[in-house]
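S.K.: the amino acid sequence is not available; the structure is as follows:
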Ligand code: NAP
């Protein structure tokens with residue numbers, strides 16, 4: 001028996017990186033997959049086909065997770081196409097790194113909208129069908145930076161700390177409806193978002209990481225699978241760090 005058989009998952013920002021790894025991991029475990037992206041049309045088409053080859057139903061939707069009206073339309077389309085949403089992974093996110101005095105107000109707004117408002121938008125939509133079904137698992141991508149802060153990433157850190165406060169609050173609001181809400185806080189994971197780190201001397205980063213390496217998207221996807229599945233039925237309101245020990 002696969003861990004997510006007969007489940008329907010909605011994953012934001014799955015055309016690349018961690019979202020793509022989560023989509024593939026969930027599909028390998030039997031879930032039908034609705035996923036979103038912002039501009040990577042070709043990568044989204046390729047992922048849709050890869051997921052279908054794994055024997056599940058899969059569809060990509062071009063939809064801005066930071067825009068409330070778009071998420072309303074998206075949720076209605078997914079419910080129409082798939083019939084239910086059992087699992088929602090709020091993964092879409094961006095970084096716009098800069099020291100505070102150099103960062104523009106527009107950069108602040110972009111990061112908060114894509115990383116934090118997006119989580120509010122989709123969660124507010126998906127809890128309605130989940131409440132009717134009296135079941136659901138919501139997984140929000142935070143970051144170790146939301147826990148520790150990071151110089152040059154104040155907007156990103158604020159958005160990811162916000163995701164943690166939101167996750168815990170909604171877990172308290174809807175735990176009695178058997179809907180679980182958890183966050184994952186990855187450390188440095190090898191994706192497009194962290195490509196720039198590999199350009200320089202990686203040893204200075206590895207000094208901060210007990211496991212002395214960056215993580216792989218699949219290692220985050222494994223934790224998402226645990227939180228999405230029946231293996232975690234009494235786990236809610238938690239933040240699981242996937243960071244090679246960085247926050248120890
Ligand atoms: P990534 O490789 O840059 O991919 C980002 C994904 O999000 C892409 O699929 C992108 O779509 C999509 N996206 C961006 N803005 C969107 C929006 N407004 N609406 C819908 N989709 C949007 O990022 P990643 O490294 O996989 O990160 C995934 C999540 O993990 C993010 O929330 C990130 O903050 C978090 N995280 C990452 C790391 C890390 O080290 N990589 C560490 C901690 C936390 P397009 O391809 O169409 O642009």
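M.R.: Looks like it arrived, so ask away. Given the structure is predicted, the values throughout are model-derived calculations rather than measurements.
S.K.: could you use CA atoms for every contact and neighbour count after this?
M.R.: Fine.
S.K.: residues in contact with the top strand by length along the chain: which ones?
M.R.: The strand that spans the most residues within the chain, counting by DSSP state E, is strand 179-186. Strand 179-186 has contacts (CA atoms under 8 Å, 6 or more residues apart in numbering) with 130-131, 134-144, 146, 163-164, 167-168, 170-171, 174, 220, 223-224, 227, 233, 235-243.
S.K.: who touches residue 170 in this structure?
M.R.: Contact criterion CA under 8 Å, 6+ apart gives 181, 237 as the residues in contact with residue 170.
S.K.: how near is it to residue 38?
M.R.: Taking CA to CA, to the nearest Å as the measure, residue 170 falls 26 Å from residue 38.
S.K.: compute the inter-axis angle for the single longest helix found in the chain and strand 179-186.
M.R.: Among the elements of the chain assigned as helix by DSSP state H, the one spanning the most residues is helix 154-174. Helix 154-174 and strand 179-186 meet at an angle of 160 degrees, taking axes from the mean of the first three to the mean of the last three CA atoms, to 10 degrees as the criterion.
S.K.: which residue ranges of the protein form strands?
M.R.: 8-11, 32-37, 58-62, 87-90, 136-141, 179-186, 239-242.
S.K.: remind me what the last one packs against, helices and strands.
M.R.: Same thing as strand 239-242. Secondary-structure packing of strand 239-242 (3 or more CA pairs under 8 Å, 6 or more residues apart in numbering; DSSP states H and E): strand 179-186, helix 217-228.
S.K.: grab the most central residue of this protein for me.
M.R.: For the chain, the residue whose C-alpha lies nearest the mean C-alpha position (CA atoms, centre = their mean) is residue 91; its distance is 2.0 Å.
S.K.: surely that one and residue 143 touch.
M.R.: No. The pair formed by residue 91 and residue 143 falls short of the contact definition of CA atoms under 8 Å, at 10.9 Å.
S.K.: pull up the residues of this structure that are close to the ligand.
M.R.: Contact residues (CA under 6 Å from any ligand atom) of the chain with the ligand: 12-19, 36-40, 63-66, 91-94, 114, 141-143, 186-194.
S.K.: could you list the buried residues of the lowest-mean-pLDDT helix or strand in the chain?
M.R.: Each helix and strand of the chain was given a mean pLDDT (mean pLDDT, DSSP states H and E); the minimum falls on helix 203-206 at a mean of 87. With burial defined by 16 or more other CA atoms under 10 Å, the residues of helix 203-206 counted as buried are residue 206.
S.K.: what's residue 241 in contact with, if anything?
M.R.: By CA under 8 Å, 6+ apart, the contact list for residue 241 reads 143-144, 184-187, 247.
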